[in-house]
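>>> Please work out how this folds:
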Amino acid sequence: MGKVKCIREIREELEHKMLCEFASFADSSEGRDKKEEPDEIRTIYQRDRDRILHCKSFRRLKHKTQVFLDPEGDHYRTRLTHTLEVAQIARTIARALMLNEDLTEAIALGHDLGHTPFGHAGERALNRISPYGFLHNEQSVRVVELLEKHGEGLNLTKEVRDGIRNHRSACEPYTLEGKIVRLSDKIAYVNHDIDDALRGGILTEEDLPAEFTDIVGHSVAGRIDAMVKDVIFTSFGKNEVKMSEKVEGAMRGLRSFLMREVYSNPAAKSEEVQAQRLVEYLYRHYLENYETLPEEYKKLADEMGEPVERVVCDYIAGMSDDFAIKTIKEIFVPVRWGKY
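Next up is the predicted model:
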């Protein structure tokens with residue numbers, strides 16, 4: 001009687017039967033920097049997804065700004081809900097194109113782990129003040145390679161790290177699954193930023209340019225549906241992931257409209273200047289008072305040779321909005337002395 005196959009091996013065989021020829025197959029992964037014994041149940045990409053889902057950086061996303069700083073109301077997006085929406089859109093596309101859904105989900109869940117508090121305002125502040133610069137996609141890779149697990153990192157596969165690093169518009173992932181996440185990120189934020197702006201009274205549906213909504217739809221759900229289906233029908237059976245020129249043009253047009261009317265709107269972004277100043281104050285404070293950093297961050301500089309400026313950025317980037325505000329109060333606001 002032959003050896004009974006483990007569940008992981010059965011799953012790997014099913015991938016070769018069910019996925020298209022252009023998919024990234026788990027048993028053909030380029031692997032991890034540190035070799036590990038394979039799991040009996042999960043494929044290598046399933047393990048990556050689970051590691052990201054259970055890490056501390058992922059949980060902190062629930063208190064990090066997406067677009068609106070500290071909005072009043074429970075229904076505005078945070079960095080966590082954005083991440084989940086990207087993952088849902090990306091999985092839908094991957095499944096329809098018969099690509100690797102596990103790899104796609106892992107990249108989607110990890111793509112924003114390195115985002116700062118206060119959204120892109122915080123990112124711009126650190127990029128301006130740090131001698132090493134700061135980009136959230138590169139920081140997301142730094143989180144999974146180094147910062148998580150007290151300097152050990154998550155030891156993810158090369159395919160997942162490539163997708164995380166290259167999810168920005170200016171980058172190009174080398175797997176189709178990474179390209180799905182790159183495009184799904186745009187679909188998600190264009191549509192949910194419109195939705196949040198509608199909820200906040202900054203826009204009405206009638207304000208949106210008809211030249212674009214006539215192509216992709218006149219509701220948030222309708223536009224997401226149209227964009228997702230366009231990616232699927234344009235890419236099906238091909239070694240590429242893209243939108244049709246017509247729909248991509250409409251999506252870009254809506255993004256340009258958001259840049260003018262929402263991302264630069266004083267009603268939505270009135271607190272950004274203060275947020276950037278807060279991040280800059282924290283950076284200068286910890287650079288001058290390096291000894292007050294938590295031990296796990298001091299270890300990065302003292303024992304692992306990381307530049308102090310990078311370590312200070314690591315600590316600040318890991319903060320939630322609320323924790324950053326609480327910290328600045330503890331540092332700069334006098335506390336009354338005495339018993340009550």
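
>>> hey, where'd the strands end up in the stretch 101-250 of the chain?
Applying DSSP state E, counting those that start in this stretch to the stretch 101-250 of the chain gives no strands.

>>> Spatially central, which residue of the chain would that be?
Note on the chain: the residue nearest the mean C-alpha position is residue 112, at 2.0 Å, using C-alpha atoms, centre = their mean.

>>> Correct me if wrong: that one contacts residue 135.
No: at 11.9 Å, residue 112 does not count as touching residue 135 under the criterion of C-beta atoms under 8 Å. C-beta: built from backbone N, CA, C; applies to glycine.

>>> Give the buried residues for the lengthiest helix in the chain.
Taking DSSP state H as the criterion, the chain has its longest helix at helix 176-199. For helix 176-199, the neighbour count (16 or more other C-beta atoms under 10 Å) marks 176-197 as buried.

>>> any idea how far residue 109 is from residue 48?
As judged by C-beta to C-beta, to the nearest Å, residue 109 and residue 48 stand 9 Å apart.

>>> These two: who's more crowded?
Between residue 109 and residue 48, counted using other C-beta atoms under 10 Å, residue 48 has the larger neighbour count: 29 against 26.

>>> name the element that one belongs to?
According to DSSP states H and E, residue 48 maps onto helix 44-53.

>>> low pLDDT regions in the chain?
1-4, 67-75, 267-270, 334-340 (pLDDT under 70).

>>> Apply 90 and report the result again.
Within the chain, the segments meeting pLDDT under 90 span 1-5, 64-78, 119-120, 169-170, 196-197, 199-202, 261-275, 331-340.

>>> what ranges do the helices span in the stretch 1-150 of the chain?
7-18, 44-53, 56-60, 79-96, 101-110, 119-129, 136-142, 148-151 (DSSP state H, counting those that start in this stretch).

>>> Enumerate the positions of the fourth one that are buried.
Counting neighbours by 16+ other C-beta under 10 Å, one finds that the buried residues in helix 79-96 are 79-83, 85-94.

>>> Please apply the same query to the last one.
Along helix 148-151, these residues count as buried under the neighbour rule (16+ other C-beta under 10 Å): residue 148.

>>> C-alpha coordinates for it, PDB please?
Provided in PDB are the C-alpha atoms of helix 148-151 (Å, rounded to 0.1, in the frame of the first residue of the first chain):
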ATOM      1  CA  GLU A 148       7.100  41.500  13.000                       C
ATOM      2  CA  LYS A 149       7.900  38.900  15.700                       C
ATOM      3  CA  HIS A 150      10.500  41.100  17.500                       C
ATOM      4  CA  GLY A 151      12.900  41.300  14.600                       C
END
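
>>> Residues contacting that helix, please?
55, 56, 57, 154, 296, 299, 300, 304 (C-beta atoms under 8 Å, 6 or more residues apart in numbering).

>>> Could you measure from the nearest residue to the first one once chain neighbours are set aside over to residue 155?
Using C-beta to C-beta, 6 or more residues apart in numbering and skipping residues adjacent in sequence, the residue nearest residue 55 is residue 148, 5.1 Å away. The span separating residue 148 from residue 155 equals 9 Å under the rule C-beta to C-beta.

>>> what's the helix or strand containing residue 329 packed up against?
Assigned by DSSP H and E, residue 329 belongs to helix 321-332. In terms of contacts (3 or more C-beta pairs under 8 Å, 6 or more residues apart in numbering; DSSP states H and E), helix 321-332 is packed against helix 272-288.

>>> which residues touch the next helix or strand after the helix it packs on?
Note on helix 272-288: by DSSP H and E, the next helix or strand toward the C-terminus is helix 295-302. By C-beta under 8 Å, 6+ apart, the surrounding residues in contact with helix 295-302 are 146, 147, 150, 151, 290, 291, 306, 307, 308, 311, 314, 315.

>>> So which residues make contact with the very next helix or strand once past helix 295-302?
Stepping forward along the backbone from helix 295-302, the first helix or strand reached (DSSP H and E) is helix 308-317. The set of residues external to helix 308-317 that reach it, using C-beta under 8 Å, 6+ apart, is 114-117, 122, 126, 130-132, 134, 136, 139, 142, 147, 279, 282-283, 286-287, 290, 293-294, 297-298, 300-301, 306, 324.

>>> Filter these down to the buried ones and hand me the PyMOL line.
Selection of the buried residues among those in PyMOL, burial being defined by 16+ other C-beta under 10 Å:
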select buried, resi 114+115+116+117+122+126+130+134+136+139+142+147+279+282+283+286+293+297+298+300+301+306+324
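
>>> Buried residues of the helix holding residue 329, list them for me.
For helix 321-332, using 16+ other C-beta under 10 Å, the buried residues are 321, 324, 325, 327, 328.

>>> do the same with stretch 26-39
Buried residues in stretch 26-39 (16+ other C-beta under 10 Å): 26, 29, 32.

>>> How about stretch 253-270?
253, 254, 255, 257, 258, 261, 262, 263, 268, 269.

>>> how far does that stretch sit from the chain's center?
The chain centroid and the centroid of stretch 253-270 are separated by 21 Å, computed with C-alpha atoms, centre = their mean, to the nearest Å.

>>> one step back: what sits against the residue nearest to the centre of the chain?
61, 79, 82, 83, 136, 140.

>>> please redo it, this time with the cut-off set to 7 Å
61, 79, 83, 136, 140 (C-beta atoms under 7 Å, 6 or more residues apart in numbering).

>>> what's the answer for residue 192, then?
77, 82, 85.
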